[in-house]
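In: Requesting a structural model of the entry that follows:
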Amino acid sequence: MMKSSLSHKTHLFTHTLPVLKQQGAYFSIEAVKRLLIADEIELADSSLRKYLSKAMDTGIVSDAGRGWYSRHTNPVSLDPKPVSKIIREVKKAFPLLDFCCWSTVQFNPFALHLIGQPTIFLYAESDALETVADTLKKSGWYAWANPGRVNAQRYVQPGEKTVILRPAISKQPESTDHAAPIEKALVDLSVESQKLQLFDSSEGQRIIDDVLGTGLLQASVLLGYAELKREKFESKELIY
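Out: You can find the predicted model right below:
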């Protein structure tokens with residue numbers, strides 16, 4: 001005998017969502033459906049979405065973007081201070097340039113060991129990278145326009161003035177006053193930690209897991225950007 005609509009909602013609120021919240025900080029609506037099916041609960045998509053909306057309204061879960069939910073309530077973000085100086089310099093030299101940046105230093109709160117050689121990553125249209133890099137070099141920055149994997153370590157210099165310039169891609173997450181949002185920076189960190197050997201893979205994964213385990217961000221934005229970058233983004237805190 002089918003359970004009543006009321007018991008479906010109760011089961012979702014008191015069992016399904018608490019189980020998923022314990023398994024990971026973020027979970028998709030597909031993960032919700034799978035667990036309901038495993039518990040022999042049949043819900044129409046319209047009813048499920050209505051109940052999930054109610055769950056968000058009552059604080060059982062938080063909205064983490066299209067089709068994603070989270071146990072977190074407080075947002076997680078990056079301190080913009082480590083990139084404020086370079087933002088000022090680039091804005092002054094290129095007032096019309098559309099760019100954004102982030103620094104490895106911004107992830108120190110989530111790292112087991114402090115990142116010893118800070119590196120800034122700046123994203124702008126590809127045609128402008130060489131010009132911006134040359135201008136930054138004249139101001140004392142170690143600036144490199146779109147370097148590859150070969151001899152990666154030579155691009156990272158001691159101190160806090162290493163800048164790697166990369167071409168921006170269309171539909172990337174929007175920045176706030178040229179500071180990259182955490183969703184973009186986290187995916188780029190995953191990419192660059194491999195490309196430039198910033199730290200070993202286990203440390204990079206630990207940072208990703210810690211960020212996702214700390215607070216609320218837009219999982220749909222993060223994963224959408226990862227797809228655009230063709231980056232396989234994984235974390236124990238994500239239940240697809």
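In: any idea how far Val163 is from Ile182?
Out: Applying Cβ to Cβ, to the nearest Å, the value for Ile182 to Val163 is 20 Å. Using the backbone N, CA and C atoms, a C-beta is placed for each residue, glycine as well.
In: how about the strands of the chain, start to end?
Out: 26-28, 62-63, 68-70, 100-103, 119-124, 142-145, 162-167, 238-239 (DSSP state E).
In: Counting by contacts, list what the last one packs against.
Out: In this structure, strand 238-239 makes packing contacts with strand 26-28, judged by 3 or more Cβ pairs under 8 Å, 6 or more residues apart in numbering; DSSP states H and E.
In: Apply 10 Å and report the result again.
Out: When contacts are defined as 3 or more Cβ pairs under 10 Å, 6 or more residues apart in numbering; DSSP states H and E, strand 238-239 packs onto helix 17-23, strand 26-28, helix 29-38, strand 68-70, helix 201-214, helix 219-228.
In: do you know which of these lies nearest Asn108?
Out: The closest of the helices and strands packed on strand 238-239 to Asn108 is helix 201-214. By Cβ to Cβ, the value is 9.3 Å.
In: Might you quantify the distance of that closest one from its chain's geometric centre?
Out: Centre-to-centre, helix 201-214 and its host chain are 11 Å apart (Cα atoms, centre = their mean, to the nearest Å).
In: Likewise for stretch 208-228?
Out: 4 Å.
In: Ile87 - nearest residue in space that isn't next to it in sequence?
Out: Excluding the flanking residues, the one nearest Ile87 by Cβ to Cβ, 6 or more residues apart in numbering is His178, at 4.7 Å.
In: Might one say that the one you found is in contact with Val90?
Out: Yes: counting by Cβ atoms under 10 Å, Val90 is a contact partner of His178 at 7.5 Å.
In: Which residues are in contact with each of these two?
Out: Residues touching both His178 and Val90 (Cβ atoms under 10 Å, 6 or more residues apart in numbering) are 83, 97, 99, 101, 122, 124.
In: Out of the residues you listed, which end up buried?
Out: 83, 99, 101, 122, 124 (16 or more other Cβ atoms under 10 Å).
In: Glu30 reaches Leu238, doesn't it?
Out: No: here Glu30 does not reach Leu238: they are 11.8 Å apart, not a contact under Cβ under 10 Å.
In: between the two, what contacts are shared?
Out: With Cβ under 10 Å, 6+ apart, Glu30 and Leu238 have common neighbours Trp68.
In: who's more crowded, these two?
Out: Leu238 (21 against 12; other Cβ atoms under 10 Å).
In: Not including adjacent chain positions, what is the nearest residue to the more buried one?
Out: Excluding the flanking residues, the one nearest Leu238 by Cβ to Cβ, 6+ apart is Tyr26, at 5.2 Å.
In: Dig out what the one you found forms beta bridges with.
Out: Tyr26 has the following beta-bridge partners by DSSP bridges: Ser70, Leu238.
In: Next, find the distance separating it from Leu217.
Out: Distance, Tyr26 to Leu217, using Cβ to Cβ: 9 Å.
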